[in-house]
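>>> Output the structure for:
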Amino acid sequence: MRNRRSFTLFLTIMIICLLGPSAVLAQSCSPPELIAPEDWFYIAIDDPFTIEWSEVPYADYYVLQWFTGDLENPDMVKDFVVESNTFPTSLQGTYDCADPLHWRVKTHCASGDSDWSEIRHMLTVPPTCAPPILAAPADWFCIHIDDFFTMSWEPVDCALYYVMEWSSDCFATSENTSVHVVEGNEFYTSLQGSYPCEAPLCWRVKAICVDGESEWSEVWHIYTACQIPIVLAPEDWFFVPIDEFFTFEWEPVGCGATYLLQWSTDDFIDPANITEYELDEPVFTTSLQGIYTGDAPLYWRFKTICECQDSEWSPVRHIVTTCATVELLAPEDCFYIPRNEFFDISWMTVDGAVYYEMHWSPDNFETPENIRVFELEEATFYTSLQGYYTAASPLCWRVRAVSADGPGAWSETRHFITLRESLPPLLLSPDDLLEIYSFDTPIAFAWEAAVCGEEYVFQFAEGDFDDPVQFAEYSSSTPNLTGSVADLLGEAVLTRWRVCTVFDGVWGDWSEVRRIQVRLDPPTDAEETPSALALSVGPSYPNPFNPRTRIPFVLPQDGVVGLDIYDVAGRRVRTLLHGQWMGAGTHERIWDGRLDGGEAAASGIYFARLHADGYAVNTRLTLLK
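This next block holds a predicted model:
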């Protein structure tokens, strides 16, 4: 036995010497034992994890292999050479999410490879199926209908395929929507035969994944030709004075479009009569002054200019113009002239005017039978008032131009004065024998504004106005005055007051005399309070007016105030103040002659109604055009 063991040791030493150490070490190249992850491990496809196995002595490196499906199919197998016994990784971009992933490891030694380890499995949880991100063509892409182009989007992880839709009414109805199933993330197509070109083509994409479908992508648009602009304003056969500004407006068109506006006096027959404007925005404000004579309707139309193809022209619309408003030159307003003296009336000439029409009136054109009409070929008129005018009130006059298409707007109204002595003012408030209960009660005095008054003289007296003892006099540039008896006259129990107009340094006739009674005993509940009696509005100035007038009003105490404009039918047409808190004293609002909707009010009589503290007062307004 001893000799046999010695022989075996001797034989082993001889083999090592003859064949080298590798022959013996190769016997220890064994497959590794798998450590992590455990079999049938669940992992999200984009989460990192680590594969680990036991170390094998004398291993040069390891081969990690994973595969799906058949090992005989090289497209299903992926090998990794790993120098250590760990492999940090994720399945992002390397795994198609369709089947379980199988994996195993073997050792590579100096003498060769070991057998494969056991096979383990991973089940993946795919990421949420995200909506595709559209790439091309760009939104509002413009293309000829028979040209081919490529629609593309960013690929979605684990997407099995994609559904692409396009629609001519932005998916409002199914019959106008076309559906395409696409395996990749590109779709090469043209719109020939599948799109009516009448509106933008909307398109979108969604992904179909292992675990369901994504939301739709954002919607992009394709134009095959520019749209015809949808005109918003002005309406067809729009009527506008030649010197007034107005606005063309139409709905904007996508595709980075610009717009071409044309107008013509002969329905676009002669190119020499066409005026063009290229515009970046869907709005254009202009007037026809200096570029149109007004002797025929003006024709106008739009079209859209796109990179690939212009639109058709919009339907032709028409503008009917009138002559410009006459600008008066001489004489100035409130011109004083004796009846038998001659003088010149003149105004600026107006393009397109066939003649001029002048009106005179002693009652601000309110009564047709009192209007004197003159038709004049020139922009001047040499005349006198002898035989035409006998009244003591100012004579109103105005002019308008008349073209072949009709009359233009009236000029401003001016006045002739034949007597410097003005008529007595018409008192408005307070009423005669106003009763107040304190010398300090504020009172609002108001009277109708004189047409040609430069200022007003306001007098107070306790007795006779010729008695200088209890007498006070004030000047005012407006037809109103606010104060208390104590401020204006002192502690007079009965105060008389009156007003006259001053024109050209001459005092006119005095108004009627009204009285204010101071009662020192307190009022009963049944009696009117001074706040109601002292509330006043107007008169407005100028009145008549065009286009705006100032409406003064007085509040005897703080409170919530409303101020509205009514027409003669009693309809409220404009609100100037609505439930606004205002302090006591004199205030003013301007009415610009427009209704609540923004349109210009028609000529006629209107009433301003002020209401505060449960009381209301009115003043009359006259709008002339």
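
>>> For the stretch 451-600 of the chain, give me the ranges with low pLDDT.
In the predicted model of the stretch 451-600 of the chain, residues 467-470, 489, 492, 520-534, 568-570 satisfy pLDDT under 70.

>>> and if we set it to 80?
Scanning the stretch 451-600 of the chain for pLDDT under 80 picks out 451, 453-454, 463-471, 484-486, 488-494, 504, 518-538, 568-571, 579.

>>> can you map out the strands along it?
455-461, 471-476, 480-483, 494-503, 506-507, 514-518, 536-537, 549-555, 559-567, 572-582, 585-591 (DSSP state E, counting those that start in this stretch).

>>> what sits up against the second one?
When you say that, I think you mean strand 471-476. With contacts defined as C-beta atoms under 8 Å, 6 or more residues apart in numbering, strand 471-476 is touched by 455, 456, 457, 458, 459, 460, 461, 462, 465, 481, 488, 489. Bear in mind the C-beta positions are built from the backbone N, C-alpha and C, glycine included.

>>> Was I right to think the fifth one contacts residue 465?
Yes - in terms of C-beta atoms under 8 Å, residue 459 counts as a neighbour of residue 465; the distance is 6.0 Å.

>>> Which neighbours do the two have in common?
With C-beta under 8 Å, 6+ apart as the test, residue 459 and residue 465 both reach 471, 498.

>>> mind listing the helices for the protein?
Using DSSP state H, the helices of the chain run over 2-19, 22-25, 485-488, 530-534.

>>> From the centroid of the protein, which residue is nearest?
Note on the chain: the residue nearest the mean C-alpha position is residue 283, at 12.5 Å, using C-alpha atoms, centre = their mean.

>>> Now do the same contact list for it.
Residue 283 neighbours (C-beta under 8 Å, 6+ apart): 247, 248, 249, 250.

>>> how near is the nearest residue to residue 427 once chain neighbours are set aside to residue 282?
Of all residues not flanking residue 427 in the chain, residue 447 sits nearest, at 4.9 Å (C-beta to C-beta, 6 or more residues apart in numbering). Taking C-beta to C-beta, to the nearest Å as the measure, residue 447 falls 52 Å from residue 282.

>>> picking that back up, okay, the residue nearest to the centre of the chain: pLDDT?
As predicted, residue 283 sits at a pLDDT of 91.

>>> And for residue 24?
Residue 24 is assigned a pLDDT of 45 by the prediction.

>>> what does residue 2 give?
With respect to pLDDT, residue 2 scores 41.

>>> same thing with the one 3 residues further on?
On pLDDT, residue 5 comes in at 36.

>>> so where's the stretch 301-450 of the chain uncertain?
If you take pLDDT under 80 as the line, the stretch 301-450 of the chain has these spans: 306-309, 321-324, 351-352, 387-393, 404-406, 419-423, 437-440.

>>> As a check, name the ranges of all strands in it.
317-322, 328-330, 335-336, 343-347, 355-361, 372-376, 380-383, 395-403, 406-407, 414-417, 427-429, 434-436, 443-447.

>>> picking up where we left off before, and the gap between the residue nearest to the centre of the chain and residue 234?
Counting by C-beta to C-beta, the gap from residue 283 to residue 234 is 12 Å.

>>> which residues are in contact with both of the two?
247, 248.

>>> With mean neighbour count and distance to residue 180 as new columns, can the strands of the stretch 301-450 of the chain be given to me in JSON lines?
Converted to JSON lines, the strands of the stretch 301-450 of the chain look like this (neighbours: other C-beta atoms under 10 Å; distance: least, C-beta to C-beta, whole Å):
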{"stretch": "strand 317-322", "mean neighbour count": "20", "distance to residue 180": "42"}
{"stretch": "strand 328-330", "mean neighbour count": "15", "distance to residue 180": "72"}
{"stretch": "strand 335-336", "mean neighbour count": "17", "distance to residue 180": "83"}
{"stretch": "strand 343-347", "mean neighbour count": "17", "distance to residue 180": "72"}
{"stretch": "strand 355-361", "mean neighbour count": "18", "distance to residue 180": "71"}
{"stretch": "strand 372-376", "mean neighbour count": "12", "distance to residue 180": "75"}
{"stretch": "strand 380-383", "mean neighbour count": "13", "distance to residue 180": "78"}
{"stretch": "strand 395-403", "mean neighbour count": "23", "distance to residue 180": "62"}
{"stretch": "strand 406-407", "mean neighbour count": "14", "distance to residue 180": "61"}
{"stretch": "strand 414-417", "mean neighbour count": "20", "distance to residue 180": "76"}
{"stretch": "strand 427-429", "mean neighbour count": "20", "distance to residue 180": "80"}
{"stretch": "strand 434-436", "mean neighbour count": "20", "distance to residue 180": "87"}
{"stretch": "strand 443-447", "mean neighbour count": "24", "distance to residue 180": "79"}
